[in-house]
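Q: using only what follows, build the 3D model:
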Amino acid sequence: DAKLGIFIHWGIYAVNGIDESWSFYNGYILYDDYIKQLNGFNAAKYDPDSWASLIKESGAKYAVLTSKHHDGVALWNSKAGNLNVVRKTPASRDLVAPFCDALRKQGVKVGLYYSLLDWSHPDYPNFTKNEKRYTDDPARWEKFTAFNHAQISELGKNFNPDLWWFDGDWEQSAEKWKAKEIREMILARNPGAIINSRLQGYGDYATPEQGLPVSKPADKYWELCMTINDSWGYQQNDREFKTPEQTIKIFSECISKGGNMLLDIGPKADGTIPTEEIDVLKALGHW
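A: A predicted model of the protein is given here:
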């Protein structure tokens, strides 16, 4: 019923304007060079109230923030691990709590994206496309699972999101992720929470990405997640912005086929949103 949501990919990858996590995983950049971006992530102009006002003005009923992408860098002060913006970047503060508070003040539902896989974690088996830490080590996997569930528990306890937007589930089975237990943990705290499909069969709705389904999907509930240009996070060299008219046309087709649209924006490392993206959101709201 919400129809429109705003997706926000924000993380250290905005510093150099490169692909979030995938740039080191696929070998386009060395991991050490990727993680050095921690030093430039300052969030100096981050204004969650203005973000929330813009989201409200767009007509969106919910918004989803990347609390942690595949690179493992958490945007909140996670007690489960040290790799977070509070301890490792000049931002030096929790960026998730004020976002959630600002949305709720505007009457907008809170969604948090969380990557189940974590290519930075020393106990996660996969590191890059061509490099693994291990292939079969049950003790290390148990340590990672405990860490993963601890972070998910933190997000639930600290922020109680209305929507959980998981990602990265393709690398392991539902049994290995303990997906059933994750779902139960979430719903025990918030029985009304909605969970996307990327929990190995334990989600509530489908999430086609970037391309509109040709015909109405078989799933009763679905959401098209789509970027305003060609990138999820901020990339200064990507100038392929969709016009407001193109965006509205895609949105209209989503609605006509019974789906939602989760439209993605990518703030800069200082927390400002590119003008082109602001213009599209304002135009959507006006429409």
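
Q: what is the burial count for residue 66?
A: 27 (other C-beta atoms under 10 Å). No exception for glycine: its C-beta is placed from N, CA and C like everyone else's.

Q: please enumerate the strands of the stretch 1-150 of the chain.
A: 4-8, 62-68, 109-115, 126-128, 131-132 (DSSP state E, counting those that start in this stretch).

Q: got a list of contacts for the second one?
A: This points to strand 62-68. For strand 62-68, the external contacting residues (C-beta atoms under 8 Å, 6 or more residues apart in numbering) are 2, 5-11, 20, 52, 55, 74-76, 96, 99, 103, 108-115, 118, 151, 155, 162-163, 165, 262.

Q: that one vs strand 109-115, what angle?
A: Angle between the axes of strand 62-68 and strand 109-115 is 30 degrees (criterion: axes from the mean of the first three to the mean of the last three C-alpha atoms, to 10 degrees).

Q: please begin residue numbering at 57 from this point
A: From this message on, residue numbering opens at 57, which makes the last subject strand 118-124.

Q: check which helix or strand residue 289 maps to.
A: Using DSSP states H and E, residue 289 sits within no helix or strand.

Q: show me what contacts it?
A: Residue 289 sits in contact with 65, 66, 67, 69, 70, 73, 75, 76, 322, where contact means C-beta under 8 Å, 6+ apart.

Q: and it, what are its phi and psi?
A: As for residue 289, its main-chain torsions (degrees, to the nearest 10) stand at phi -90, psi 180.

Q: and the pLDDT at it?
A: Confidence at residue 289, expressed as pLDDT, is 97.

Q: now do the one 5 residues further on
A: Predicted confidence (pLDDT) for residue 294: 93.

Q: one step back: farthest-separated two in the contacts of residue 289?
A: Greatest spatial distance in the contacts of residue 289: 66 and 75, 14.1 Å, computed using C-beta to C-beta.
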